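Colleague: Provided below for reference: sequence and predicted model.
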Amino acid sequence: MKEKETTQNIQEKLRVSIGTAVELGLENARNIVAPTTAYLLLDKGCLGQCSFCPRNNGNSKELKLSRILWPEFSLPTVLTNLDNFSNRFRRICLQTSYNPDQESLIKKITQDLTQSGKPLCVTVHPAQTNFIPSLLESGAEKVGIGLDAASKRTYEKHKGRPWENDFEAVLNSIKSFPNKIGIHLIFGLGDSEIDFVKMIQFLHQAGCSSIALFAFTPTEKSSVMKPPDLSAYRRIQAFRHLNYKRIRMFENLVIMDERISSFGIPESQLIEALLNGEAFQTSGCPDCNRPFYNESPRGIAYNFPRPLSKEEFFQAVKEMDLKSNLNNF
Ligand code: SF4
């Protein structure tokens, strides 16, 4: 099979999430849930110091990002197989590391990937917002920014960077490119439930295209060792969904004991608003399902990578632990 030509050095390599590699015929295994987006990673040494990332401080030998393995393949092989198995994916996501030296390479790979005809998103570090216009000009449909933390305290503690500078740059990008910028947020880094949902509303109102919610995933090297409380995560998922749809605002919530106690609407309305289960599925760009990025297939499904069954939906509603008889389901 003839390999696709690229604008790059033929030796250039890309990492591919293990689930994506299976769908591309590059790894011999079966996915429990197939990724609906092809996840690729270009990381030749990240200058970031995120406390929760095993590839921080240039540790490009580490094969994991979150709990996922990312085997490496040549760029022409990846491009060829993306063409040959194009019906397996509805989107391509190129994740990148914080390294300004790699910007021209990322731009060229972006151009190569847009040849697939699939919508493409590229993720960047908050310190690289200057790079966003050229990514969009190169054909990226959306850009995801790994803000990750929802407050100055947790950002500076876990990302090791100045919040004021970075947050202002992120907001400017959101405002300059309405509906083009998605924000990644991780719950479990020490932000309170209330700070977190306030930030979700703030970012929606500023004009971000979506918020990709992640549950903090402990790795051997992370400074925080516990995943977040599931009930709090379920309430945050429900708020993100209802706020994105403009069904509920922070001001409508009933807060007790520093947590969401009620969404301030009758149960029947709340169930109806959540009934398609989307709130509890992976959020972010359209068709991004990130299977098992945060959880083992045998463990708690923080983000469901597929539609929920009726039983799973009512279990997720129950897990929200709202202060009403919703718990009777
Ligand atoms: S939401 Fe999903 S597809 Fe979009 S940038 Fe984030 S990981 Fe990629």
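Modeller: Now that the structure is in, tell me what you want to look at. Residues are numbered from 1 along each chain as shown.
Colleague: is Arg15 in contact with Ala38, as I believe?
Modeller: No: between Arg15 and Ala38 no contact is recorded; they are 11.9 Å apart, counting by C-beta atoms under 8 Å. All C-beta atoms are positioned from the backbone trio N, CA, C, and that covers glycine.
Colleague: ok, those two, which is more surrounded?
Modeller: Between Arg15 and Ala38, counting by other C-beta atoms under 10 Å, Ala38 is the more crowded of the two (28 against 23).
Colleague: got phi/psi on the more buried one?
Modeller: Recorded main-chain torsions at Ala38 are phi -90, psi 120, according to degrees, to the nearest 10.
Colleague: and Lys323, what does it touch?
Modeller: For Lys323, the contacting residues are 254, 256, 261-262, taking C-beta atoms under 8 Å, 6 or more residues apart in numbering as the criterion.
Colleague: show the model's pLDDT score for it.
Modeller: At Lys323, the model reports a pLDDT of 83.
Colleague: could you find the closest non-adjacent residue to Asp148?
Modeller: The shortest distance from Asp148 to any residue that is not its chain neighbour, by C-beta to C-beta, 6 or more residues apart in numbering, is 4.8 Å, and that residue is Ile186.
Colleague: the one you found reaches Pro218, doesn't it?
Modeller: No: with contact taken as C-beta under 8 Å, Ile186 and Pro218 are classed as non-touching, separated by 11.6 Å.
Colleague: neighbour count: the two, which is higher?
Modeller: The residue with more neighbours, out of Ile186 and Pro218 and counting by other C-beta under 10 Å, is Ile186; that gives 26 against 14.
Colleague: can you tell me how far the more buried one is from the ligand?
Modeller: According to C-beta to the nearest ligand atom, to the nearest Å, Ile186 stands 12 Å off from the ligand.
Colleague: next SSE downstream of the helix or strand of the chain with the lowest mean pLDDT?
Modeller: The helix or strand of the chain with the poorest confidence is strand 64-65; it has a mean of 65 (mean pLDDT, DSSP states H and E). Where DSSP states H and E defines the elements, the next helix or strand beyond strand 64-65 is strand 68-69.
Colleague: counting contacts, what elements does that following strand pack onto?
Modeller: Counting contacts by 3 or more C-beta pairs under 8 Å, 6 or more residues apart in numbering; DSSP states H and E, strand 68-69 is packed against helix 18-23.
Colleague: now the residue nearest to Asp148, which residues is it bridged with?
Modeller: With DSSP bridges as the criterion, Ile186 is bridged to Phe214.
Colleague: all further residue positions should be reported with the first residue as 361.
Modeller: Renumbered: residue one is now 361, and that last one reads Ile546.
Colleague: show me the contacts for it.
Modeller: 412, 508-509, 574-576.
Colleague: and Asn649, by the same measure?
Modeller: Contacts were defined as C-beta under 8 Å, 6+ apart; by that measure Asn649 touches 393, 395-397, 641-642, 665-666.
Colleague: neighbours of the closest residue in space to it that isn't next to it in sequence, how many?
Modeller: With sequence-adjacent residues excluded and distances taken as C-beta to C-beta, 6+ apart, Asn649 is closest to Pro665, at 4.2 Å. Counted with other C-beta under 10 Å, the burial measure for Pro665 works out to 23 neighbours.
Colleague: from what I see, Pro665 and Cys648 are in contact.
Modeller: No: the pair Pro665 and Cys648 fails to qualify as a contact (C-beta under 8 Å) at a distance of 9.5 Å.
Colleague: mutual contacts of these two, please.
Modeller: Contact criterion C-beta under 8 Å, 6+ apart; residues shared by Pro665 and Cys648: Thr642.
Colleague: specify the local secondary structure of Gln488.
Modeller: helix (DSSP: H, G, I helix; E, B strand; the rest coil).
Colleague: now it: how far from Gln462?
Modeller: When distance is defined by C-beta to C-beta, to the nearest Å, Gln488 is 10 Å away from Gln462.
Colleague: and stretch 380-397, end to end?
Modeller: Using C-alpha to C-alpha, to the nearest Å, the gap from the first to the last residue of stretch 380-397 comes to 8 Å.
Colleague: what do you get for stretch 467-481?
Modeller: Per C-alpha to C-alpha, the first residue of stretch 467-481 is 12 Å away from its last.
Colleague: next: stretch 610-624.
Modeller: Using C-alpha to C-alpha, one end of stretch 610-624 lies 10 Å from the other.
Colleague: now it: mean pLDDT?
Modeller: Per-residue pLDDT over stretch 610-624 has a mean of 95.
Colleague: that older thread, I'd like to know which of the contacts of Lys683 are buried.
Modeller: Judged by neighbour count, with 16 or more other C-beta atoms under 10 Å as the criterion, the buried members of those are 621-622.
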